[in-house]
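> Quick one: sequence and predicted model below, then my questions.
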Amino acid sequence: MILLVKPQVVMLDLGVIPSPSGSGELLLADDRSCRLVFVPTVEAGAPRVAMATFAGFSQVIFGYPNDEALSGHPLQGPTDTWDYGFYEVQGSPWPRRLEAQNRVNFPDRTSSWRQRHFLLVCHEDLVEVLADDVTVELFDQPFEEVALHALRLNLLGSF
């Protein structure tokens, strides 16, 4: 008998929240790394661009649902509301789904997906990443410079 436990979506405090007036997310992902450059909520004198780095990522979903359709997301319960910010889905079925897909061709392999399911709720976009960890850096540089920095990091394979 298999007991199915409903995943729990828990807000993470990474010291930054995407701007509610539009965070202009730019996703850079390749076969080794995944980074998201965005505009955080800023106070006077605070850094004006953030970069989230998802270490050891396997898969990313970017875009829909927007703010109006967020309540229809399968992980959001009828009384849940998600503010802009970072979340972790504890007990997520995503790693198990990838393991099951992998078993089709490799039936004798043991589970290799022990990754965490992260959500980043932004203005008009949702980012979901399956990765080992997430870190956020803040920059007091123009968005374009931080985006180029993220691209260089991806190209160099630096985590």
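Perfect, thanks for sending it.
> and residue 152, that one's in a helix?
Yes. Residue assignment for residue 152, taken from DSSP: H, G, I helix; E, B strand; the rest coil, places it within a helix.
> what about the nearest residue to residue 33 once chain neighbours are set aside, neighbour count?
Leaving out its chain neighbours, the residue that sits closest to residue 33 by C-beta to C-beta, 6 or more residues apart in numbering is residue 154, at 5.1 Å. The way it works is simple: take the backbone N, C-alpha and C, and place the C-beta from them, glycine included. Residues lying near residue 154 (other C-beta atoms under 10 Å) number 19.
> how far away is residue 154 from residue 119?
Residue 154 sits 22 Å away from residue 119, going by C-beta to C-beta, to the nearest Å.
> With residue 93 instead?
From residue 93 to residue 119 the distance is 14 Å (C-beta to C-beta).
> okay, the two: which has more neighbours?
residue 119 (23 against 15).
> Identify the residue nearest that one in space, chain neighbours excluded?
Here the residue nearest residue 119, using C-beta to C-beta, 6+ apart, is residue 87, at 4.1 Å.
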